[in-house]
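Enquirer: let's see this in three dimensions:
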Amino acid sequence: MRIVIDLQGAQSTGSRNRGIGRYALSLAQGIARNRGDHEVLLALSGAFPETVDSVREVFQDLIPQEHIVVWHAPEAVSHIDAGNTWRRHAAERVRESFLASLNPDVVLVSSLFEGFEDDSVTSVGSFAEKLPTAVVLYDLIPYINRDTYLKNPLIEKWYDSKISYLQSADLLLSISESSRQEAIQYLGVDARDAINISTAADAHFKVRAYSDLQKTELLSRFGLNRAFVMYTGGIDHRKNIEGLIRSYARLPAATLEQHQLAVVCSVRPDDRARLEALAKEHGLNHDQFVMTGFVSDDDLVALYNLCKAFIFPSWHEGFGLPALEAMSCGRAVVAANTSSLPEVVNNTQAMFDPLDDASITEKLREVLMDDSFRVQLERHGLEQAKQFSWDTTAQRAIAALESFHEQRSEELPVAETRKELPRLAYVSPLPPERSGISDYSAELLPELMQHFNIDVVVTQSDVEPAWIKVKCPIRTVEWFVENAASYDHVLYHFGNSTFHEHMFELVASIPGVVVLHDFFLSGILAHMELNTSAQGIWTDALYESHGYAAVIDRFHSKELVDAIWKYPANLPVLKSAQGVIIHSENSRKLAKQWYGTEAGSEWVNIPLLRVPAESSIKMGGETRKKLGLKAEDFVVCSFGLLGPSKLNHRLLDAWLKSPMANDMACVLVFVGQNDPGTYGDELQQRIDQAGVASRIVITGWASTEAFRDYLGIADVGVQLRTHSRGETSAAVLDCMNYGLATIVNANGSMADLEDDGVVKLPDEFADSELIAALSKLWTDVQSRQALGARAQSIVHSNHAPAPCAAQYKAAIEHFQVNSKGGVADLIQSIALLEVPPGSPVTDEDFMAVAEAIDRSQPAPLERPQLLLDVTPFIDGQIAHDNAKSLMATWLARVPAGVRFEPVYASREDQVYRYAREFTLSVLGCPAHALHDEKITYRMGDRLVMLEAGSAHRQAMQEGLQALERQGVKFLAVSSNVDGSHPEVIYGEWLADLGYGQS
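Expert: Okay, the predicted model is just below:
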């Protein structure tokens, strides 16, 4: 189970120095110590940067530092200012989206009632409805005593909003049985959903010995000069300090002369004056009634130990921790017999009625003047205190969370009942566009319409076949952009051709599920950058996907095609996708190869749909005659566009070397458009010179009818590939579907084909192997027919339309559920927020929210950054001439799975910016091909500062602290970077940064 603890209770200005702050921190420590096999993450707010370091230090040996994560919200979100309303609601959504991104099994909110005066942000279910949430419940004192605590309408509105969130929580963990019963009685919470986990005193509250000198020094500091009875716990109406003063003043004069009443806590000046006047009114002089003001934790422990007795007269508590702390220090404790205090003290003889001054006075007299009674209470208190420990409280909390998680896991999701099918925007080329994806979509749509109401979104002027226009509304891209919010789902079919140009901008602004037909998208992106108005789209994609090495290749390769073939450049699309559907495991392998071992793990592999061929019986002589072939001809076909990656020349070479070249009844047909460049010219020239041109045919673009005719009359199919771009060969499946015995080589997705369904040559095959395979299928009719029958059976079983469409439905719905609470939903939710009257939302507000999202949300497929501070180069402290050799070394040897980014310091606003323009100029690329921006940094990133001088570090102190609090490690090194031995310096730095030498 993954437990994410929202630890703002230990951070906020209103709680961190109070009991709630101590409770939140101690409970989190206890859960971390007792977590067992569970995973514990701490979520900290970046609004309180001064607390992040201390929390990291406290948990240094308890959980991995990478499990302490920091999120960010826009500033000025407190409830006290009505002008903050829009920002606060946006911040609530940013927080919940961030927590959802951690994939928790449960979120534990350490303190919900926060954010009235500071920038704490808490909510439950304001955005991420699926987020299972438990809340620590301290008390409902303001709710039960509204007339006392909620007179201020602004406080009442804030408090009631938190009560609403509390009622939305899945589980309440109360700090006492009393507070649990309050939730059941006053909020109607099901008893099963409220669990008492109790609390404990911190370990430093214990019996201690003090020397006479220490006693004298401490007591004199606080105006204490004789035995004293102590109270601590704050000044508040319910604390009943007034009743305590009145009751204490009723003690006999002799008792008052021997003792002092010490109120130990922070006291505001107006409260001090009021209470001193009350004490004087009831006959207590300034020596008999002492208010210490704020005391440190060490002094508090000492005062507990040195007091004669401790009294807690509060008439309403959530727990009453001071009573437990005093008992832990061995003191006699007397307390009110209300709310939670009886369960804390657990001794009826020590209790009094807090609303009866005489009852309080009598208990004070008894504990101060009856030595045996006092000793009895001291002994009882020490034994009672042993019943409470943070480990016990944490274990109870974990058990409650485990039970909740187990129950939640067992509950089957209730299927949504809809009268109408969900609406799906289907973005894909369609016939008559000359695209394999258009033909595929035409076959998928009929089956997918059983699960969705589908609108097709196209850029083409006409759509075929005609039934699509009847069954599916045809939408333009412009119409879709204006009406995207009306769809339940969006499905994009991405391929590496001009038919998909419009999709790149669409998926970035209207996220949906991406069907990745081609893993490499570099061809179309390069075409768009070089031939359309989409300037820089390929360069940007290369940089985002593969870093500076790819950008260098883009500008320095002798032939642009080399860079096109080398890099997929598909990361922007993958990041924008709600989910990705592939048709082959080869695409997943490529994702892991390019983007790390976790890449592609959530993708769904759906077999490429093929409508079953009508019959396994071959088409007759009429079809062959129509195609210019004889009934007795042995026909070998290769299907699809011709080009170098299809190895058409290898098939031609093998054919010409085989016995079939000399047999007049053997025909080789390339069913598809010839390559329009040099490759196609050379292929045709070779055919013309072979002397058997009449029996080797390139058909040119084949209509759907002609394509199927060739599939129906062919005896053998040959589909070869090299340099797979991650695409799935539809042509192979077409051959198998029509019962052709098919020869392939194990390249890309074809390596995953069933071994008994095709003749599978090695990826790097020899001509002799291809010749032998062709010859066997030519001569062995029985084997050929058996292989074709098995191939057809595989396709009909695994690639049938109905099961494939059902898998599409399941995948689309799965991705939508998993993307709930993600960035796209977050942005849409914030965009729909109501703007309060009189509080307009400014551009600065939108920018602040955007920056908060960027800093809080982990980008998919993002790799850790190795940031190199090149400020000394830019400032001229180190000669520019040395930069190129240093950059070359880092680029050549950057650790696997790490992104290298030069950055520079902007001291005015204490941020780092990506030094893209400087880096490109140093590397000999157009400087303005990329633009400098503020860096985004996260846990796991590392920063190397080339200049270790104190002046540079001091100038960026605030910025460096911000990076460090986010979990960025940095290393300041000497400026001895003359470029003479950059690889030595580089290796040393990598070791220091924890990468190990490379």
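
Enquirer: what domains does the record give for this protein?
Expert: When the chain is parsed with automatic domain parsing, its domains come out as 2-196, 212-386, 423-517+570-609+800-820, 522-565, 621-799, 865-992.

Enquirer: Trp538 versus Leu530, what's the distance?
Expert: 8 Å (CB to CB, to the nearest Å). Just so you know, the C-beta spots here come from the backbone N, C-alpha and C atoms, and that holds for glycine as well.

Enquirer: if I look at the most centrally placed residue in the chain, how far off is Ala631?
Expert: Centroid-nearest residue in the chain, with CA atoms, centre = their mean: Ser101, separated by 3.0 Å. According to CB to CB, Ser101 and Ala631 sit 64 Å apart.

Enquirer: ok, Glu501 next?
Expert: 45 Å.

Enquirer: who has more neighbours, these two?
Expert: Taking neighbours as other CB atoms under 10 Å, Glu501 and Ala631 compare with Glu501 leading, 16 against 11.

Enquirer: need the phi and psi values for the more buried one.
Expert: phi -60, psi -40 (degrees, to the nearest 10).

Enquirer: now it. Nearest residue, chain neighbours left out?
Expert: The shortest distance from Glu501 to any non-neighbouring residue, by CB to CB, 6 or more residues apart in numbering, is to Met528 (5.8 Å).

Enquirer: quick check on the spatially most distant residue from the centre of the chain: phi, psi?
Expert: Of all residues in the chain, Ala254 has its C-alpha farthest from the mean position, at 68.0 Å, by CA atoms, centre = their mean. Phi and psi for Ala254, reported as degrees, to the nearest 10, are phi -60, psi -40.

Enquirer: quick one: which of Leu530 and Trp538 has more around it?
Expert: Trp538 (27 against 12).

Enquirer: quick check: the gap between the more buried one and Ile437.
Expert: Counting by CB to CB - Trp538 and Ile437 are separated by 21 Å.

Enquirer: repeat for Arg938
Expert: 36 Å.

Enquirer: of these two, who's got more company?
Expert: Ranked by neighbour count (other CB under 10 Å), Arg938 and Ile437 place Ile437 first, with 24 against 20.

Enquirer: of the domains of the chain, which is nearest Thr392?
Expert: Closest of the domains of the chain to Thr392 is domain 2-196, at 8.4 Å (criterion: CB to CB).

Enquirer: pull the helix or strand with minimum mean pLDDT from this protein.
Expert: Counting by mean pLDDT, DSSP states H and E, the weakest-scoring helix or strand in the chain turns out to be helix 982-992, with a mean of 55.

Enquirer: and the helices in the stretch 201-350 of the chain?
Expert: With helices called from DSSP state H, counting those that start in this stretch, the stretch 201-350 of the chain shows them at 212-221, 241-249, 253-258, 269-281, 297-306, 321-328, 341-345.

Enquirer: turn the ones you listed into JSON lines, including distance to Leu7.
Expert: Below are the helices of the stretch 201-350 of the chain laid out as JSON lines (distance: least, CB to CB, whole Å):
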{"stretch": "helix 212-221", "distance to Leu7": "33"}
{"stretch": "helix 241-249", "distance to Leu7": "31"}
{"stretch": "helix 253-258", "distance to Leu7": "46"}
{"stretch": "helix 269-281", "distance to Leu7": "30"}
{"stretch": "helix 297-306", "distance to Leu7": "19"}
{"stretch": "helix 321-328", "distance to Leu7": "19"}
{"stretch": "helix 341-345", "distance to Leu7": "25"}
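
Enquirer: biggest helix in the protein by residues?
Expert: The residue-count maximum for a helix in the chain (DSSP state H) belongs to helix 390-410.

Enquirer: CA atoms of that helix as CSV?
Expert: What follows is helix 390-410, C-alpha atoms only, in CSV (Å, rounded to 0.1, in the frame of the first residue of the first chain):
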residue,chain,number,x,y,z
TRP,A,390,3.5,7.1,19.0
ASP,A,391,4.3,3.6,17.8
THR,A,392,1.0,2.3,19.1
THR,A,393,-0.9,5.3,17.6
ALA,A,394,0.9,4.8,14.3
GLN,A,395,0.2,1.1,14.3
ARG,A,396,-3.5,1.8,14.9
ALA,A,397,-3.5,4.3,12.0
ILE,A,398,-1.8,1.8,9.7
ALA,A,399,-4.3,-0.9,10.6
ALA,A,400,-7.2,1.4,9.9
LEU,A,401,-5.7,2.4,6.5
GLU,A,402,-5.0,-1.2,5.7
SER,A,403,-8.6,-2.2,6.5
PHE,A,404,-10.0,0.7,4.5
HIS,A,405,-7.7,-0.1,1.5
GLU,A,406,-8.7,-3.8,1.6
GLN,A,407,-12.4,-3.0,1.8
ARG,A,408,-12.1,-0.5,-1.0
SER,A,409,-10.2,-3.0,-3.2
GLU,A,410,-12.9,-5.6,-2.7
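
Enquirer: and Ala134, how many residues sit next to it?
Expert: 24.

Enquirer: what's the first-to-last distance across stretch 542-552?
Expert: 10 Å (CA to CA, to the nearest Å).

Enquirer: any weak-confidence spans in the protein?
Expert: Scanning the chain for pLDDT under 70 picks out 128, 412-419, 615-619, 726, 947-950, 974-998.

Enquirer: assign a three-state SS to Ser694, would you?
Expert: Assigned by DSSP: H, G, I helix; E, B strand; the rest coil, the conformation of Ser694 is helix.

Enquirer: looking at the helices of the stretch 201-350 of the chain, which is closest to Ala90?
Expert: Here helix 321-328 is closest among the helices of the stretch 201-350 of the chain (CB to CB), at 35.6 Å.

Enquirer: output the closest one in CSV with nothing but the alpha carbons.
Expert: Extracted as CSV, the C-alpha positions of helix 321-328 are listed here (Å, rounded to 0.1, in the frame of the first residue of the first chain):
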residue,chain,number,x,y,z
LEU,A,321,-2.1,16.4,25.5
PRO,A,322,-0.7,18.6,28.3
ALA,A,323,-2.3,16.3,30.9
LEU,A,324,-0.5,13.3,29.3
GLU,A,325,2.8,15.2,29.1
ALA,A,326,2.6,16.1,32.8
MET,A,327,1.8,12.5,33.8
SER,A,328,4.8,11.4,31.7
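
Enquirer: which secondary structure elements does that helix contact?
Expert: Using 3 or more CB pairs under 8 Å, 6 or more residues apart in numbering; DSSP states H and E, the elements in contact with helix 321-328 are helix 297-306, strand 309-312, strand 333-336, helix 341-345, helix 371-385.

Enquirer: looking at these, which is buried most?
Expert: Across these, averaging neighbours per residue (mean count of other CB atoms under 10 Å) puts strand 333-336 on top, at a mean of 28.

Enquirer: chain center to it, what's the gap?
Expert: In this view, strand 333-336 has its centroid 49 Å away from the chain centroid, taken as CA atoms, centre = their mean, to the nearest Å.

Enquirer: next: stretch 436-443.
Expert: Taking CA atoms, centre = their mean, one finds stretch 436-443 lying 34 Å from the centre of the chain it belongs to.

Enquirer: give me the contacts around it.
Expert: Residues from elsewhere that reach stretch 436-443 (CB atoms under 8 Å, 6 or more residues apart in numbering): 426, 428-432, 464-465, 468, 493, 495, 497, 499, 517, 608-611, 640, 704, 730-731, 801.

Enquirer: residues of that stretch that come out buried?
Expert: Within stretch 436-443, the residues scored as buried using 16 or more other CB atoms under 10 Å are Gly436, Ile437, Ser438, Asp439, Tyr440, Ser441, Ala442, Glu443.

Enquirer: likewise for stretch 787-804?
Expert: Buried residues in stretch 787-804 (16+ other CB under 10 Å): Leu787, Gly788, Arg790, Ala791, Gln792, Ile794, Val795, His796, His799, Ala800, Pro801, Cys804.

Enquirer: dump that stretch to PDB, keeping only the CA atoms.
Expert: Output of stretch 787-804 as PDB, limited to C-alpha atoms (Å, rounded to 0.1, in the frame of the first residue of the first chain):
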ATOM      1  CA  LEU A 787       1.100 -22.600 -43.700                       C
ATOM      2  CA  GLY A 788      -1.500 -20.400 -45.400                       C
ATOM      3  CA  ALA A 789      -4.300 -22.200 -43.500                       C
ATOM      4  CA  ARG A 790      -2.500 -21.700 -40.200                       C
ATOM      5  CA  ALA A 791      -1.800 -18.100 -40.900                       C
ATOM      6  CA  GLN A 792      -5.400 -17.400 -41.700                       C
ATOM      7  CA  SER A 793      -6.500 -19.200 -38.600                       C
ATOM      8  CA  ILE A 794      -4.200 -16.900 -36.500                       C
ATOM      9  CA  VAL A 795      -5.600 -13.700 -38.000                       C
ATOM     10  CA  HIS A 796      -9.200 -14.800 -37.800                       C
ATOM     11  CA  SER A 797      -8.700 -15.700 -34.100                       C
ATOM     12  CA  ASN A 798      -6.500 -12.800 -32.900                       C
ATOM     13  CA  HIS A 799      -7.300  -9.900 -35.200                       C
ATOM     14  CA  ALA A 800     -11.100 -10.200 -35.600                       C
ATOM     15  CA  PRO A 801     -12.900  -6.800 -35.600                       C
ATOM     16  CA  ALA A 802     -15.300  -7.400 -32.700                       C
ATOM     17  CA  PRO A 803     -12.800  -8.400 -30.100                       C
ATOM     18  CA  CYS A 804     -10.400  -5.700 -31.300                       C
END
